[in-house]
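Chemist: Sharing a model prediction with you, sequence too.
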Number of protein chains: 2
Amino acid sequence: MSEQPAGGDLSRLRQLNASAVLRELRGDQPLTLTELSKRTRLSRASTEDVARDLLGRGWLTEVAPASGSVGRPARRYRFNAGAGRLLGIDIGGHKALALVTDLDGEVLNQSRIEIPADAGRRERLAALDRCVARALAGTSGGQIWATGVATTGLVDGTGKVMLSDSLPEWTGVDLGAHVRRLVPGPVRVENDCKLAALAETWRGVARYAKDVVFLLAGVRTGAGLIIDGKLHRGFANWSGEIGALPAAGWQQAPEHLITWLQDTASAVDGFERVFVAARAGDQGALAAIEGYVRDLAVGASALVLTLDPQLVVIGGGFSRSADVMVEPLRRELDRWCLRTPEIRVSAFADEGVALGAVRLALDEVESTITTGLRP
Amino acid sequence: MSEQPAGGDLSRLRQLNASAVLRELRGDQPLTLTELSKRTRLSRASTEDVARDLLGRGWLTEVAPASGSVGRPARRYRFNAGAGRLLGIDIGGHKALALVTDLDGEVLNQSRIEIPADAGRRERLAALDRCVARALAGTSGGQIWATGVATTGLVDGTGKVMLSDSLPEWTGVDLGAHVRRLVPGPVRVENDCKLAALAETWRGVARYAKDVVFLLAGVRTGAGLIIDGKLHRGFANWSGEIGALPAAGWQQAPEHLITWLQDTASAVDGFERVFVAARAGDQGALAAIEGYVRDLAVGASALVLTLDPQLVVIGGGFSRSADVMVEPLRRELDRWCLRTPEIRVSAFADEGVALGAVRLALDEVESTITTGLRP
């Protein structure tokens, strides 16, 4: 085994060896061939061979030898996160957000466009196009190795929106095909709650946990599930939809807040007002939030009792008011659950979903790295 | 690599090779070394080496060469399921059932003892002891390689019952320690619904499915979950307990049947009577079953909407009346679920749970085979 023709298929063994080497090099520290060989348990010869191949493909880069070494310092290598770019898109009810990152998911550029909630399909897609174009400014299209798209609604395997409750006109849109016209490389589309859950285990507050329930608490209520360290999709990718069950309480939950907002009409609009009032001690606002949390907790308890997760992560717009929401939620979970898991609040502002889309793009790249198909 | 000292630790590579060989030999057909080498992708020399080692341990057996072969017929090997025995125990509210099987899970002997529902802990454990002793008659204790125990209630990692709703006096019993005094070898204890789910994917109607909700429909209502081909336990082994949530409807579900039974007092006792009456067209019985199914379906829909399984398996005592229960259940699931999965009825009489306990024992043996610790 020595040089390998560019673009040639790696044998299964070489793929596995290459994966093992790349996995070790995804950490923060550059490694010498000796260290790599030890960690991967590959022979020195195989390690050298794989490293040479990966350097040729641009996936590894050599870094300056450690200073202070005695004798001829050993070459050190690290993963070349700059070799390509990933694009993550979040297209939702009231915004489009696009992130351009390196292969480590570090955000290099981003763009955000507000979209009126009552925008039609065409207007929403046009906003998505503008948002992607802005995010890609300064990045040559060919640099984008893969794209992930997060959308509200249920998505099929090809990237088509099968059903959107919150945006009925969005049902049926072929988002995969639409985005494939904008960027080169593979495009994968997934439900936004699922990708928010993925982002929490990748870069968020759930990094250490294998079983996680992500709860989207906002104008919409939703869930994404991580089971045994992996995003749980289900047989037809329709998992996490307990909100469709009236007995779960999620359909009526926001009504408590809406009623209070309507009863206390004000120039300041939006749900934020009820949380601000509650924080100032307004009894009506506190009662409204209690009602909301009571309903939210029924479906959340159903998820917890079903899965017994290590962790529940609260995300979505209302999670920014965790100070007035989490304690009541914990009390309600204590009421119904046999074992209340740890509850954490998402540390993302509202970029969690788009970051999950980046992770989806990265999954795509990592699977092609190990099958030797790209670049 | 040649002979290996008996009881010596297999190196990691040899463990993997041995697992690969055993996996191929678990099928129905004996295989030649050439076939084994091809299927495992191991070299001929490694295959021979592993086979020799496994023969020495008694895990493989040589079978007569295929008749009609030309020239010197090649030796053929198969897994020696007779090398050891497994014990599976189901200890529940009204019976103890023990199965002795070979290493393929074929039942060689069984014993069953009825236990009054109001029996105390001591009486129930004594019945378990008698049941195990009878099942083991004719089997020398040393032949039992591993034991699985299924119990009602939630179980911790050591085999202690943490909580039993249906048998409060059972809470706190250290079932693992108790059974370890009866048999040699490792003993594992698990919740009965979880093991029933496991049995369905192993030997039952769910063999082809990776994501399965097993629904126990009987005097008790419960659930066991198979996710991505594996039994889902949860962080503290408390998964599948959605029945604890009043909104799931399971707590009140049997009341419909009980009320009908009380209103139509008869010499014939037991739930079976309501199903018999429904089958004969009794409108009251039909309405009672409809009420039961309506409540059962709320929790079942919560599980389906959460997990989007490929399959729902109905087991438990009432599943024997599937003819009057499954269609109403399907209608109710259609009402709440975004996608109603396939529904199948368990084909086990009432030995499914004990068979799941055998599978748990087999898991234990297979994990020790691959780590080379036994026998």
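Modeler: Nice, I can see it.

Chemist: Could you verify that residue A:101 is part of a strand?
Modeler: Yes. Using DSSP: H, G, I helix; E, B strand; the rest coil, the secondary structure at residue A:101 is a strand.

Chemist: show me what contacts it?
Modeler: A:85, A:86, A:87, A:88, A:107, A:108, A:358 (CB atoms under 8 Å, 6 or more residues apart in numbering or on different chains). Yep, even glycine has a C-beta here, placed from its N, CA and C like the rest.

Chemist: wait, what's in contact with the first one?
Modeler: With contact taken as CB under 8 Å, 6+ apart, residue A:85 is in contact with A:100, A:101, A:102, A:103, A:108, A:139, A:143, A:144, A:145.

Chemist: change it to 7 Å
Modeler: Contact analysis of residue A:85 by CB atoms under 7 Å, 6 or more residues apart in numbering or on different chains lists A:100, A:101, A:102, A:139, A:143, A:144, A:145.

Chemist: ok, back up a step: check the contacts of residue A:101 for burial and list the buried ones.
Modeler: Burial by neighbour count, 16 or more other CB atoms under 10 Å in any protein chain shown: within the contacts of residue A:101 this picks out A:85, A:86, A:87, A:88, A:107, A:358.

Chemist: how close does the third one sit to chain B?
Modeler: Applying CB to the nearest CB, to the nearest Å, one obtains 28 Å for the distance of residue A:87 from chain B.

Chemist: Isn't that residue up against residue A:97?
Modeler: No. Between residue A:87 and residue A:97 there is no contact under CB atoms under 7 Å: 11.4 Å.

Chemist: Any chance of the contacts of residue A:85 in CSV with distance to residue B:265 and pLDDT as columns?
Modeler: Output for those, formatted as CSV (distance: CB to CB, whole Å; pLDDT from 0 to 100):
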residue, distance to residue B:265, pLDDT
A:100, 74, 97
A:101, 71, 96
A:102, 75, 93
A:139, 79, 85
A:143, 79, 88
A:144, 74, 92
A:145, 73, 91
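
Chemist: ok, of the residues you listed, which one's closest to residue B:288?
Modeler: residue A:101 (59.2 Å; CB to CB).

Chemist: Output the below-cut-off pLDDT ranges for chain A.
Modeler: For chain A, applying pLDDT under 70 flags the ranges A:1-15, A:66-70, A:141, A:267-269, A:369-375.

Chemist: which residue of it sits farthest from its center?
Modeler: Within chain A, residue A:71 marks the point farthest from the mean C-alpha position, 45.7 Å out by CA atoms, centre = their mean.

Chemist: neighbours around residue A:335, how many?
Modeler: Neighbourhood size, residue A:335 [other CB atoms under 10 Å in any protein chain shown]: 13.

Chemist: Could you find the closest non-adjacent residue to it?
Modeler: residue A:297 (7.6 Å; CB to CB, 6 or more residues apart in numbering or on different chains).

Chemist: Return the distance of that neighbour relative to chain B.
Modeler: Taking CB to the nearest CB, one finds residue A:297 at 10 Å from chain B.

Chemist: quick one, what contacts the residue of the stretch 101-250 of chain A found nearest chain B?
Modeler: For the stretch 101-250 of chain A and chain B, the shortest gap (CB to the nearest CB) falls at residue A:234, measuring 2.6 Å. By CB under 7 Å, 6+ apart, residue A:234 lies in contact with B:211, B:307, B:308, B:309.

Chemist: Quick check: which element contains it?
Modeler: Residue A:234 is part of no helix or strand, with elements assigned from DSSP states H and E.

Chemist: State the phi and psi torsions of it.
Modeler: Dihedral pair for residue A:234: phi 90, psi 170, per degrees, to the nearest 10.

Chemist: From the contacts of residue A:85, keep the buried residues only.
Modeler: For the contacts of residue A:85, buried by 16+ other CB under 10 Å: A:100, A:101, A:102, A:143, A:144, A:145.

Chemist: Any figure for the gap between the third one and residue A:112?
Modeler: Spelled out, it's residue A:102. The spacing between residue A:102 and residue A:112, counted by CB to CB, to the nearest Å, is 20 Å.

Chemist: And for the second one?
Modeler: Relative to residue A:112, residue A:101 is positioned 15 Å away (CB to CB).

Chemist: can you check the first one too?
Modeler: Relative to residue A:112, residue A:100 is positioned 13 Å away (CB to CB).
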